[in-house]
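Engineer: I need the structure of the sequence given here:
(one chain, ligands or ions: 1)
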Amino acid sequence: MELLQQGRDALDAVIAGVNLVEDDPKDNSVGYGGLPNEEGVVELDASVMHGPTGRGGAVAALRNVRYASRVARLVMERTDHVLLVGEGALKFAKAHGFKEEELLTDAARETWLRWKETLSNQDDWLPPHTIDTLDVGQNVKQALRHYGTINCNALDQQGGLSGCTTTSGLAFKIPGRVGDSPILGAGLWVDNDVGAAGSTGRGEANLLACSSVMIVEWMRSGQSPKTRASQPASGSRSRPR
Ligand code: GLY
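Structural biologist: Prediction:
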């Protein structure tokens, strides 16, 4: 908000806004401190869109760099591509001076370890127990899956609209899983003449619906952002949840 009040471009403001969360070790769904994949490795997804130029950039399955949003911006501004993934995204970030760091905090590692230890009573990983509670069959619990994400969109004093979505994605995902956040049209869409939309929640559902671009298009046709999408016509395929 301070950057917007200073007259800066909305893209600077939304990235600075989400950087606060990417930096926050207490937020376990974005950047540093995010919950890892099933192998205990944090993989980040992010996208940006700049309304005035109609450009966008994104990274997926980025390891060891907390500012996925900034790397996404560099993909937009310093390449002729839109999306870089995995090792290529990391090499690109390093080429631009980002230093590799461990993103897995002790708190996130402990959460992951508990998930792993209570996933099955058929493997050799045991949660804390005494000799009397060694039967971990009693301890296997339904793990809570986290889908937290941050989307931030803003309008600047020049009338420029920009957006950013950044996340560590689904907790304990299969390595290489990519959610909706870095997919333009799904996790983020900005049209400078109409509006912006972005998403949190279960990325797999949104990848099959491309909700962000749909919302902006419905706004173009006159619907309010608060209007609920109508139910599918009877007989039509219902959207996955
Ligand atoms: N919405 C974030 C994700 O599913 O990865």
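Engineer: Go ahead and flag the most central residue of this structure.
Structural biologist: Centroid-nearest residue in the chain: residue 167, 2.5 Å away (criterion: C-alpha atoms, centre = their mean).
Engineer: Tell me if I'm right that that one and residue 42 touch.
Structural biologist: No. The pair formed by residue 167 and residue 42 falls short of the contact definition of C-beta atoms under 8 Å, at 10.9 Å. To be clear about C-beta, it is placed using only N, CA and C from the backbone, and glycine gets the same treatment.
Engineer: any shared contact partners between the two?
Structural biologist: Common contacts of residue 167 and residue 42, defined by C-beta atoms under 8 Å, 6 or more residues apart in numbering, comprise residue 34.
Engineer: on that earlier part again, can you pull the pLDDT of the residue nearest to the centre of the chain?
Structural biologist: At residue 167, the model reports a pLDDT of 98.
Engineer: can you pull the contacts of the nearest residue to it once chain neighbours are set aside?
Structural biologist: Excluding its sequence neighbours, the residue lying closest to residue 167 (C-beta to C-beta, 6 or more residues apart in numbering) is residue 149, at 3.7 Å. Residue 149 makes contact with 29-30, 165-167, 169, 179, 181, 187, 199-201, according to C-beta under 8 Å, 6+ apart.
Engineer: from the residues you listed, which are also near the ligand?
Structural biologist: When C-beta under 6 Å from any ligand atom is applied, the members of the contacts of residue 149 adjacent to the ligand are 167, 169, 179, 181, 200-201.
Engineer: Tell me the one of those nearest the ligand?
Structural biologist: Nearest to the ligand among those is residue 179, at 2.3 Å by C-beta to the nearest ligand atom.
Engineer: Need the three-state assignment for that closest one.
Structural biologist: coil (DSSP: H, G, I helix; E, B strand; the rest coil).
Engineer: so which of the ones next to the ligand among the contacts of residue 149 comes closest to residue 133?
Structural biologist: Proximity of these to residue 133 (C-beta to C-beta) peaks at residue 169, which lies at 33.4 Å.
Engineer: Apart from its neighbours in sequence, what residue is nearest the closest one?
Structural biologist: residue 179 (4.7 Å).
Engineer: In contact with that neighbour, which residues?
Structural biologist: Applying C-beta under 8 Å, 6+ apart, the residues contacting residue 179 are 45, 147, 149, 167, 169-170, 187, 203-204, 206-207.
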